[in-house]
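**Student:** Any chance you could fold what I've pasted below:
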Amino acid sequence: MDFAFMRDTFLQLMTGVPLTLNLAFTSVAFGAVFAMLLALMRMSNVRVLDGIARTYVFVFRGTPLLVQIFLIYYGLGQFRPVLQEWGLWSFFREPYWCAVLALTLNTAAYASEIFRGGLQAVPHQQVEAARACGMSGFLLFRRIIFPIALRQALPAYGSEIILMVKATSLASIITMMEITGLAAKLISQTFRAVEVFIVAGAIYLVLNFVITRIIMAVEWWLSPHLRRPPAIEPKLEAAHV
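**Tutor:** The predicted structure follows:
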């Protein structure tokens, strides 16, 4: 192992971290909004809306993300005259927006099922208790349903966020110079794949470790009932006796 080369590689690959995080969190943010809409469609008891959501989830969960990226970036390019007529070509000709769109559509399919499971896990008794206190509509959703559902869904959704960070590596296929794109470029110049990919893997590992810690901190903050009560000192306990 050439540690001097690995150090230089690390410095070069770190320049791709901002783009990696940008792709991941932009797609997760847009995907979360779309996923909530899909989850509500699944729970709407309207057959048409439920069928549309089911079909969407089936298609995007059942096909590889790489194929979806290719279809959006290369496939839609065949309809350039139509896209130009509709004013959409400036969007689809950019690899960044094609990658964001593909990642967003993919994560929305998975996240919608996670959100639906979280919403269905809200205890019915707590909803009825809130209604008995006069809560209804958006207030009931904001104060009772959403916080409980978020706490229930957060562990699984945290895994989805981590998967999306790793999925950004596929954006290198459409010329995006994030971590994996820079690694591939460096390998083509140096022919030292082992050292480069070890460094790239280590960077992804550190990023996902940090994200995991953040998710655990949010989960701890949302679960005050699971925190350990502070230990009572012996002197204070004796004084109470």
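**Student:** Kindly check the end-to-end length of stretch 189-198 for me.
**Tutor:** Terminal residues of stretch 189-198 lie 17 Å apart, using C-alpha to C-alpha, to the nearest Å.
**Student:** Identify each buried residue in it, please.
**Tutor:** By neighbour count with 16 or more other C-beta atoms under 10 Å, stretch 189-198 contains the buried residues 195-197. Any C-beta I mention is one placed from the backbone N, CA and C, and that applies to glycine too.
**Student:** what stretches of the chain score poorly on pLDDT?
**Tutor:** 225-241 (pLDDT under 70).
**Student:** Leaving out chain neighbours, which residue sits closest to the residue positioned nearest the centre of it?
**Tutor:** Nearest to the mean C-alpha position of the chain, by C-alpha atoms, centre = their mean, lies Ile161 at 3.1 Å. Leaving aside its sequence neighbours, Ile161 sits nearest to Val28 (C-beta to C-beta, 6 or more residues apart in numbering; 5.7 Å).
**Student:** Longest helix of this structure, counting residues only.
**Tutor:** Counting residues, the longest helix found in the chain (DSSP state H) is helix 193-222.
**Student:** Sketch out the helices for the chain, chain order is fine.
**Tutor:** Taking DSSP H as the test, the helices found in the chain are 3-13, 17-42, 47-62, 65-70, 80-86, 89-92, 95-120, 124-132, 137-140, 146-167, 179-190, 193-222, 234-240.
**Student:** Output the contacting helices and strands for the fourth one.
**Tutor:** So that's helix 65-70. Helices and strands touching helix 65-70, by 3 or more C-beta pairs under 8 Å, 6 or more residues apart in numbering; DSSP states H and E, are helix 95-120.
**Student:** for the fifth one, same thing?
**Tutor:** For helix 80-86, the contact count by 3+ C-beta pairs under 8 Å, 6+ apart identifies helix 89-92 as packing neighbours.
**Student:** chain center to the helix it packs on, what's the gap?
**Tutor:** 24 Å (C-alpha atoms, centre = their mean, to the nearest Å).
**Student:** Show me what counts as buried in it.
**Tutor:** 89, 92.
**Student:** about what we covered before: for the residue nearest to Ile161, which residues are in contact?
**Tutor:** Val28 makes contacts with 107, 160-161, 164, as judged by C-beta atoms under 8 Å, 6 or more residues apart in numbering.
**Student:** and Lys185, what does it touch?
**Tutor:** Neighbours of Lys185 in contact, by C-beta under 8 Å, 6+ apart: Met177.
**Student:** What distance do you get for the nearest residue to Leu154 once chain neighbours are set aside to Arg151?
**Tutor:** Among residues not flanking Leu154 along the chain, Glu219 sits closest, at 5.2 Å (C-beta to C-beta, 6+ apart). In this view, Glu219 and Arg151 are 7 Å apart by C-beta to C-beta, to the nearest Å.
**Student:** likewise Met41?
**Tutor:** 23 Å.
**Student:** Please apply the same query to Leu186.
**Tutor:** 42 Å.
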